[in-house]
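*Asks:* For reference, the sequence and a predicted model appear below.
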Amino acid sequence: VTEYVERMKVFLKSVLPNQKILFAFGDPNGIYENIFDGYRVLLELPLYVSMLKGFHLMPDWWCVFETNYSGAPNIWGRSPEMVIQNMQYWKADYVIVYQSEAELDNIWIESGFETINKFDWKNYADNFAEEQIINGALPVWWLLRRKT
């Protein structure tokens with residue numbers, strides 16, 4: 001896994017210790033299998049790198065458990081409006097959004113975000129050919145920051 005860890009470190013190289021990244025996932029609507037939009041396995045890699053580098057990537061499992069009650073603060077949302085709201089509430093410095101397209105949807109730029117880096121899981125599709133690690137297509141991740 002060394003190659004993956006090193007490439008994830010490159011993807012997240014702009015994030016400093018004690019900073020926070022919000023990963024934009026859809027609301028699972030109370031269905032356990034929908035947590036992290038089916039990308040739970042892929043999420044382990046950036047969670048590991050965040051621990052190594054000393055920053056917080058959320059939501060992680062603890063965050064999910066701690067916000068699993070009626071009236072809890074929201075951690076879910078993939079639209080720019082929800083992402084902005086969640087970044088403000090959780091005081092996140094960055095956000096990771098995912099999509100299947102190789103180019104970032106312009107709605108993020110129009111909403112005041114700038115691209116910091118890109119991680120395309122499709123570049124590693126051959127390594128996953130014998131095992132189905134996720135349900136669906138491999139995503140493209142975008143590390144974004146709000147313009148100030």
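*Replies:* In hand now; what should we look at? Note that the structure is a prediction, hence the values are computed from the model and not measured.
*Asks:* what secondary structure does T115 sit in?
*Replies:* Per DSSP: H, G, I helix; E, B strand; the rest coil, the local secondary structure of T115 is strand.
*Asks:* Could you report the distance from it to M58?
*Replies:* Applying CB to CB, to the nearest Å, one obtains 20 Å for the distance of T115 from M58. No exception for glycine: its C-beta is placed from N, CA and C like everyone else's.
*Asks:* who's the residue most central in space within the chain bridged to?
*Replies:* With distances taken as CA atoms, centre = their mean, the residue of the chain nearest its centroid is F23 (3.0 Å). For F23, the beta-bridge partners under DSSP bridges are I96.
*Asks:* hang on, it packs against P59?
*Replies:* Yes. Between F23 and P59 there is a contact at 6.7 Å, judged by CB atoms under 8 Å.
*Asks:* joint contacts of those two?
*Replies:* Taking CB atoms under 8 Å, 6 or more residues apart in numbering as the contact rule, F23 and P59 both touch F36.
*Asks:* Check whether R145 really touches D93, as I assumed.
*Replies:* Yes. Taking contact to mean CB under 8 Å, the distance of 6.9 Å between R145 and D93 places them in contact.
*Asks:* Please spell out the segments of the chain that come in under the pLDDT threshold.
*Replies:* Within the chain, the stretches with pLDDT under 70 are 128-136.
*Asks:* What segments of it are strands?
*Replies:* Across the chain, reading from the start of the chain, the strands by DSSP state E fall at 20-23, 56-58, 94-99, 113-120, 140-146.
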